[in-house]
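1. The sequence and its predicted three-dimensional model are supplied below.
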Amino acid sequence: MIPDPRQLWISPFVTNPTAISPRLGLFFGLCAGVWLAAAPQAAFAQGRVDAHYEASLSGIPVGKGTWTIEIGDDVFSASAQGGSAGLLKAFSGGSGSGASQGRVVNGALVSTSYVATTTTQKKSETIRLNLANGGVKDFSIDPVPPVDADRIAVTEAQRKNVLDPMTGSMIRVPGTGELLTPDACRTGTGVFDGRLRYDLKLDYKRMETVKAEHGYHGPAVVCAIYFTPVAGYIPDRPVIKWLANQRNMEVAFVPVAGTRILVPFRMIIPTPLGPAMLEATSFVTSAAPPRVAKTQ
């Protein structure tokens, strides 16, 4: 997820100096960085991920979340949920969930719908996107937020050629060669989360080995993330300026077994209070062979 003009988000969790509450869509948007519609492949195997993540601020646990991804031969789905944890739960308890689903077309993930719900002690909000032809067909926010004259309006043209936040977090590596290479990072894309329209650019930083407490232990490609707001934000909000100026944000990607899809294992965002980090504590991924067409 990535931040909206009002808050600094880190993951399924959102952080500011006085509160924490989840908003999954923005984490997945921040991790996004490639167009999924690339060169076709002859076959696309099935793969699944069941992951648990922990969010921390300056090393102090502030939230937990889960993410489940299922990728088939012709359809995919992804769902996530999270909540505040530790001492922060007593002061600003909140929870959130998000889901995306769509089709697999020539190996590319093509989202058709996205929904994200955030619930705090004060309110609950649900954002829905319907997508078609590489863009957002329509969207809604419930309850409808008040109009802010200072907010830069998102135009219809700016909702084209964009990804929803969750689908956008799953990098597709085209071809048949090595998955974890510097080229996996060297790209960018546009994201719309129902309120904020922004561009993300990734760039290669390094290769490293990561290890979850349960499940995955192996190589990861680490990408730098650069955030550029486009519309849907209030220019004077400090968090937007902070994120746009950051040059030390990064995300580590690992593969979904049986596919050519990479997903985030760890993300780090510098904040005025210290590094905000989301990292997988459990990352179990399994593969199944693609279906074989029946013949008469």
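-> That came through fine.

2. helix, strand or coil for Val239?
-> Local secondary structure at Val239 is given as helix here, using DSSP: H, G, I helix; E, B strand; the rest coil.

3. Next: the one 4 residues further on.
-> Secondary structure state of Leu243, per three-state DSSP, is helix.

4. Please apply the same query to the one 5 residues further on.
-> Under three-state DSSP, Asn248 falls in the coil class.

5. That one and Arg266, how far apart?
-> Per C-beta to C-beta, to the nearest Å, Asn248 is found 14 Å from Arg266. (Glycine included, C-beta is placed from N, CA and C.)

6. go on, Met277?
-> Using C-beta to C-beta, which is the criterion applied here, Met277 is 7 Å from Arg266.

7. who does the closest residue to Val210 other than its chain neighbours bridge with?
-> Here the nearest residue to Val210 in space, its sequence neighbours aside, is Ala220; by C-beta to C-beta, 6 or more residues apart in numbering that works out to 4.5 Å. With DSSP bridges as the criterion, Ala220 is bridged to Glu208.

8. Give me the neighbour count for Ala220.
-> By the criterion of other C-beta atoms under 10 Å, Ala220 has 22 neighbours.

9. need the contact list for it.
-> Remark: with contacts taken as C-beta atoms under 8 Å, 6 or more residues apart in numbering, Ala220 is in contact with 180, 207-210, 252-254, 265-266.

10. Which ones among those residues map onto strands?
-> With strands defined by DSSP state E, the entries of these inside them are 207-210, 252-254, 265-266.

11. Tabulate these (a markdown table), appending neighbour count and distance to Gly135.
-> Formatted as a markdown table, the entries for the ones in strands among the contacts of Ala220 read as follows, by neighbours: other C-beta atoms under 10 Å; distance: C-beta to C-beta, whole Å:
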| residue | neighbour count | distance to Gly135 |
| --- | --- | --- |
| Met207 | 13 | 34 |
| Glu208 | 11 | 35 |
| Thr209 | 8 | 38 |
| Val210 | 18 | 34 |
| Ala252 | 23 | 29 |
| Phe253 | 28 | 25 |
| Val254 | 25 | 29 |
| Phe265 | 24 | 29 |
| Arg266 | 20 | 30 |
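
12. Show me what the helix or strand hosting Thr126 is packed up against.
-> Assigned by DSSP states H and E, Thr126 belongs to strand 124-132. Using 3 or more C-beta pairs under 8 Å, 6 or more residues apart in numbering; DSSP states H and E as the contact test, the elements touching strand 124-132 are strand 108-120, strand 135-142.

13. quick one: buried residues of it?
-> Using 16 or more other C-beta atoms under 10 Å as the test for burial, strand 124-132 gives 125, 127, 129, 131.

14. now what about it, what contacts it?
-> With contacts defined as C-beta under 8 Å, 6+ apart, strand 124-132 is touched by 25, 102, 111-119, 136-143, 164, 192-195.

15. hmm, which of these are the buried ones?
-> Neighbour counting by 16+ other C-beta under 10 Å classes 25, 102, 111-119, 136, 139, 164, 192-195 among the contacts of strand 124-132 as buried.

16. And Thr187, how close does it get to Leu109?
-> If you measure Thr187 against Leu109 using C-beta to C-beta, the figure is 15 Å.

17. So these two - more neighbours on which side?
-> Between Thr187 and Leu109, Leu109 has the larger neighbour count (other C-beta under 10 Å), namely 26 against 17.

18. Please name the bridge partners of the nearest residue to Asp142 once chain neighbours are set aside.
-> Beyond its immediate neighbours in the sequence, the residue positioned closest to Asp142 (C-beta to C-beta, 6+ apart) is Thr126, lying 4.8 Å away. The partner list for Thr126 in beta bridges (DSSP bridges) reads Thr117, Asp142.

19. follow-up on the earlier one: between all of the buried residues of strand 124-132, which two are separated the most?
-> Longest distance between any two of the buried residues of strand 124-132 is 19.8 Å, between Glu125 and Leu131; criterion C-beta to C-beta.

20. Sounds good, over and out.
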